[in-house]
Structures are given as structure tokens and as C-alpha cells.
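Asker: When you get a sec, could you give me coordinates for this:
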Amino acid sequence: MIVPLLGGTLAGAFWGGIAGFMKVRFGTNEVISTLLLGFVALLMVYWCVQSTALAAPAADLVGDPAGIAADPRLDQAARPDRRS
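Answerer: Predicted coordinates for the structure are as follows:
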């Protein structure tokens, strides 16, 4: 649990450091640069998710729908309780 938190902290510090570097080196507005870097980060995460999801077979991504329909608890949950 501590390793992912530490990794996320370091990655966030690096990502914020890019905006700080651009402010010092080029004089860019840090609000605009962090907003644009957030969009770039969103696209990078989207690409990572899509590339791994498309590489896996569809059967691995979707559960067994027959197992859901055969669950007797769903039938009980759909009916209202008539004891009251």
C-alpha cells in the first residue's frame, strides 16, 4: 500500500516540476501550463487503459452473464416484501 502511494507522490511531483521548469525557463503562466499538462496526463492514462484493454480478449473483460441470471437472490430482490 505504501509503494503505490509513494510512486504516485513522486510522479505527481515530477509532473508539477514540469510546470515549474516551464515557469522558470520560459516564463509561462503556471495555471495555463498545469491545465494543459492535466489534459496531456488524461490522454496518457486513456491511452494506457485502451491499449491494455484492447490487448486482452473480450471474454476476460466481461463476466459470465449466465451466472448472473441464475442467481436466485436477484429474483427475491425484484419482488416487494408482502409481509407488511
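
Asker: quick one: pLDDT of residue 10?
Answerer: What the model reports as pLDDT for residue 10 is 96.

Asker: From residue 16, how far out is it?
Answerer: Taking CB to CB, to the nearest Å as the measure, residue 10 falls 11 Å from residue 16. (Each C-beta comes from the backbone N, C-alpha and C, glycine too.)

Asker: between the two, which one's more packed in?
Answerer: Regarding residue 10 and residue 16, a neighbour count based on other CB atoms under 10 Å identifies residue 16 as having more, with 13 against 10.

Asker: right, and the helix or strand after the one helix or strand the more buried one maps to?
Answerer: Element membership of residue 16 [criterion: DSSP states H and E] is helix 2-26. Read in the C-terminal direction, the helix or strand following helix 2-26 is helix 30-55, with elements assigned using DSSP H and E.

Asker: now that next one against helix 2-26, angle please.
Answerer: Put simply, helix 30-55 runs at 130 degrees to helix 2-26, going by axes from the mean of the first three to the mean of the last three CA atoms, to 10 degrees.

Asker: And helix 30-55, what's buried?
Answerer: Along helix 30-55, the positions that meet the burial threshold by neighbour count (16 or more other CB atoms under 10 Å) are 33-34, 37.

Asker: Stretch 12-22 too?
Answerer: Of the residues in stretch 12-22, those buried by neighbour count under the rule 16+ other CB under 10 Å are 19, 22.

Asker: Contacts for that stretch next, please.
Answerer: Contact partners of stretch 12-22, identified using CB atoms under 8 Å, 6 or more residues apart in numbering, comprise 28, 30, 33-34, 37, 41.
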